[in-house]
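> Need coordinates for the below:
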Amino acid sequence: MGVDMAQGERPSFETERKDAYETAAGLFGNVAEELPFIGGVLGGGRVPISSALPDWKNLAKAALNDGWSNEKRLATAAKELGNPLTYLALPFGGGQIKKICQGLEAVIEGGSYAVDNEGNPILQYPVFNETQKDTLLSLPTALAFGKSALPTAREWTESGFKSLNAKQTACYQGMAALGVPQRDAFGLIQALGSANGTETESASIQKLKLLQEADISAEGKSVVYYGLLALDKERALMDELADSGADMGETARVLMELKDANVLEDGKSDAKKEAIAKSSLSEEEKDAMFRYVLGEDSKGAAYSQALADAGLDKHSAAAVANALNGLTPEEGAKTVSDAQKWRAVMDTAGSAENQKTALLTIMSDSARMRYEVADSFGIEPETWVQLKEALPQFDEDGNGSYTGAEVENAIDALGGNGALLAPWDKDPLRLSREEKAALWQAFTGNKSGSGNPYSTRVGKQVARELEKAREEAKG
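Now for the predicted structure:
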């Protein structure tokens, strides 16, 4: 078929479908001839009831035409079978017509359905109908002996009439609507329902693994996760993301990874952050995930709103928030450092103006005050952050605080005077003496400025501005 289409020859789908209708129409006629009373009439023609008999081809279309809605298919079947039901309400034949109706309805709807106490549909057993072959295999038995004679009906009877519940039914229908093969969908629902847990593994973990390992589409998995495994707050999150157009297959995959992380003894938080950060969700969708994981009242959950309030567009605010929330402490550290946070801002905020705004938004009060003064003396955000990153290499006594000489050595190294250790891969900064003086003064916190190694004049100016800012902060 692929070759024919490549050569411009269209396959005759209509011919193939017509042949299937003719086959099914013949099947209906053959079944009818086997019915008591009706068969005698059809065979001998002794009673003029041909006008009351169904149009077998229309019945075939009702059974096989997947281009029609189920409602139209059932309405067509009801119309064609309406006359015989009235005209032939006789012993044997009338009962068989009822079986035909029920069997045909089960084939069209893909199963035998009942309702629970709340009026929700529940699947008693499936009747696979996703291909014409499936339908033609089911029709002879369903029409001749009724739906209860179908193999899946017998399995249902042998199970003690165990039907799917309303949620399971909705999941089965949802998977089928998304193109998941009906047999795979039904098998997965049954497997999940049979998971009872062991001494070493809970039923919920077993179900999660079954779903993750199932050979169906990600979208199909999302339907099952939402319907059978998700917590109420997870469903609320999925609803929120679905409304924004998120990929629900990816959303469900991330949520399942987050549940995997919950069973880890070590690195639980890092595993959750990695699951979100490496996903293909948009920045806004990742932000929603982080807020769900961290809790709406957490500092991390407030990042995106604070950044948006400060003037960043929604996408940039979410990108910066995600970068910050995805950070983990450096080796040997217990907490994420300011240098890590500031670098995350620089790498994700975009424009220099956005970088400055984002830095000022996430900084501590003390750091914000010092940078605002430095900014007024022309210090760019990248310069400020690079100095913060370089300082630990010049902490000679390793006490985490820096002397004037250590800060001076770091500033000189940024300008190319002295080596910076790997993985430093940034070009030397071209800084004027005034800029170096402002940096030194802001980072050392020297109150007089008289000891500034680059410019006592600038040092004293910066010192006065810093003192003024401190007094204003006191109120």
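> Show me what the host helix or strand of residue 410 is packed up against.
Taking DSSP states H and E as the criterion, residue 410 maps to helix 404-414. In terms of contacts (3 or more C-beta pairs under 8 Å, 6 or more residues apart in numbering; DSSP states H and E), helix 404-414 is packed against helix 381-390, helix 433-444. Glycine gets a C-beta too; all of them are placed from N, C-alpha and C.
> winner for burial among the ones you listed?
Most buried of the helices and strands packed on helix 404-414 by mean neighbour count (mean count of other C-beta atoms under 10 Å) is helix 433-444; its value is a mean of 23.
> can you list contacts of the next helix or strand after that helix?
Downstream of helix 433-444, the next assigned helix or strand under DSSP H and E is helix 456-474. Residues outside helix 456-474 that contact it (C-beta atoms under 8 Å, 6 or more residues apart in numbering): 365, 369-370, 372-374, 376-377, 433-434, 437-438, 440-442, 445-452.
> again, only using 6 Å
Helix 456-474 is contacted from outside by 369, 373, 434, 437-438, 441, 447, 449-450, 452, using C-beta atoms under 6 Å, 6 or more residues apart in numbering.
> Include pLDDT and distance to residue 261 when you put these into TSV, please.
Output for the contacts of helix 456-474, formatted as TSV (pLDDT from 0 to 100; distance: C-beta to C-beta, whole Å):
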residue	pLDDT	distance to residue 261
369	95	38
373	96	43
434	96	50
437	97	49
438	97	45
441	96	45
447	88	48
449	90	51
450	91	55
452	96	50
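> And these, which is closest to residue 134?
Closest to residue 134 out of these is residue 369 (72.9 Å), distances taken as C-beta to C-beta.
> can you state the direction angle for the helix or strand harbouring that closest one and helix 456-474?
If you go by DSSP H and E, residue 369 is part of helix 365-376. Here helix 365-376 runs at an angle of 140 degrees relative to helix 456-474 (axes from the mean of the first three to the mean of the last three C-alpha atoms, to 10 degrees).
> Residue 125 is in what secondary structure piece?
Here residue 125, judged by DSSP H and E, is contained in strand 121-126.
> quick one, what contacts residue 304?
Contacts of residue 304 (C-beta under 6 Å, 6+ apart): 287, 317-318, 321.
> what about 8 Å?
Neighbours of residue 304 in contact, by C-beta under 8 Å, 6+ apart: 287, 291, 317-318, 320-321.
> Would you mind listing the buried residues in the host helix or strand of it?
Using DSSP H and E, residue 304 sits within helix 299-310. For helix 299-310, the neighbour count (16 or more other C-beta atoms under 10 Å) marks 300-301, 303-304, 306-308 as buried.
> How about stretch 176-192?
If you call a residue buried by 16+ other C-beta under 10 Å, then stretch 176-192 has these buried ones: 176, 178, 180-182, 184-186, 188-189, 192.
> Where does pLDDT dip in this structure?
1-104, 136, 139, 143, 265, 421-423 (pLDDT under 70).
> Would you mind giving the domain segments of this structure?
1-113+128-153, 369-385+395-475 (automatic domain parsing).
> Count the neighbours of the closest residue to residue 441 other than its chain neighbours for me.
Take residue 441 and drop its neighbours on the chain: the residue closest to it by C-beta to C-beta, 6 or more residues apart in numbering is residue 462, 3.9 Å away. Residue 462 has 26 neighbours, counted by other C-beta atoms under 10 Å.
> Likewise for residue 141?
Neighbours of residue 141 (other C-beta under 10 Å): 18.
> Name the nearest residue to it, sequence neighbours excluded.
Nearest to residue 141 is residue 149, by C-beta to C-beta, 6+ apart, at 5.1 Å.
> how much space between the one you found and residue 122?
Per C-beta to C-beta, to the nearest Å, residue 149 is found 21 Å from residue 122.
> residues in contact with the residue most central in space within the chain?
The residue lying closest to the centre of the chain (C-alpha atoms, centre = their mean) is residue 251, at 1.4 Å. Taking C-beta under 8 Å, 6+ apart, we find residue 251 in contact with 222, 237-238, 241-242, 281, 285.
> now swap in residue 402 and tell me
By C-beta under 8 Å, 6+ apart, the contact set of residue 402 is 391, 394-395, 410, 443-444.
> coming back round to it: now do the helix holding residue 369: which elements does it pack against?
By 3+ C-beta pairs under 8 Å, 6+ apart, helix 365-376 packs against helix 352-362, helix 433-444, helix 456-474.
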